[in-house]
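K.L.:
Model the structure of this input:
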Amino acid sequence: MLPLILQAGGEASLDIVSLLLNASPVVKGVLGLLILMSVASWFVIGSKFLYLANAASRSTKFQDNFWKTGRLDEIWRISESSAPSPVGEVFRAGYTELAKLQKRRQENVDTAGEALLGDIESIQRALDRARTTATTEMESRVPLLGTTASAAPFIGLFGTVWGIMNSFRSIGAKGAANLATVAPGIAEALGTTAVGLIAAVPAVMAYNWFLRKIKVLSAEMDAFSADFLNIVKRHFLR
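P.N.:
Have a look, this model is predicted:
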């Protein structure tokens, strides 16, 4: 029988924690799944927040050094001794490809327009690959938050429906529809809905914030790639 706690005036009140601990196996399974999703979401929120915060600050620092220094070889040395950043990795990919092309041009001088176009396309592909890799890394585990935000309320609703079904079964078995018969099952049912919302609300807020942060960093990488390619065209591949 579901527990009741007597208050000072002899009035019975439901103990929510005890109700959930003594719930039916199906409701316990729903609660366990929701708690697991919530814990996983908070782990992703914490780790991804630190990762994106560091990525943004490091990218800003790298771009400041890039425009202040003015020499690609010096910037390369700075990037080697600095912590990795999305924009920094894009630069490293582009610079590595440029160094390969410069070495090949020195070994086999070819100033044909077709060869020049091929060199530019090679650097563009290297920049695109680096951007794709950085974006994929930033987006990793973020879909879990979207899944939790969309699925947790429905999982909690399933637990609610099951608890209400149990309440009606109790009414049918006892042949009476009083508060003492119905209240425990309804409280148990609403508890799963509450846990589902507790899991979903932080997940959806963090998911939207992370998407915006990733979009900003992706735009920075796109802008830097275009600037780097223009510098290469003007000063190195002529």
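K.L.:
ok, for the residue positioned nearest the centre of the chain, nearest residue in space, not its chain neighbours?
P.N.:
By CA atoms, centre = their mean, the chain has its centre lying nearest to Val142, at 2.1 Å. Leaving out its chain neighbours, the residue that sits closest to Val142 by CB to CB, 6 or more residues apart in numbering is Phe210, at 5.2 Å. Just so you know, the C-beta spots here come from the backbone N, C-alpha and C atoms, and that holds for glycine as well.
K.L.:
and what of Val90?
P.N.:
Closest residue to Val90 apart from its sequence neighbours, by CB to CB, 6+ apart: Ala130 at 4.5 Å.
K.L.:
what about the one you found, neighbour count?
P.N.:
23 (other CB atoms under 10 Å).
K.L.:
And for Arg92?
P.N.:
18.
K.L.:
Surely it and Ser82 touch.
P.N.:
No. Look at Arg92 against Ser82 with CB atoms under 8 Å: they stay out of range, at 10.6 Å.
K.L.:
for whatever helix or strand Ala223 lives in, packing partners?
P.N.:
Using DSSP states H and E, Ala223 maps to helix 179-235. Packing partners of helix 179-235 (3 or more CB pairs under 8 Å, 6 or more residues apart in numbering; DSSP states H and E): strand 12-14, helix 16-21, helix 25-69, helix 86-107, helix 113-139, helix 142-174.
K.L.:
Now mean pLDDT too, for the ones you listed, in a markdown table please.
P.N.:
Putting the helices and strands packed on helix 179-235 into a markdown table (pLDDT from 0 to 100) gives the following:
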| stretch | mean pLDDT |
| --- | --- |
| strand 12-14 | 47 |
| helix 16-21 | 66 |
| helix 25-69 | 92 |
| helix 86-107 | 85 |
| helix 113-139 | 82 |
| helix 142-174 | 86 |
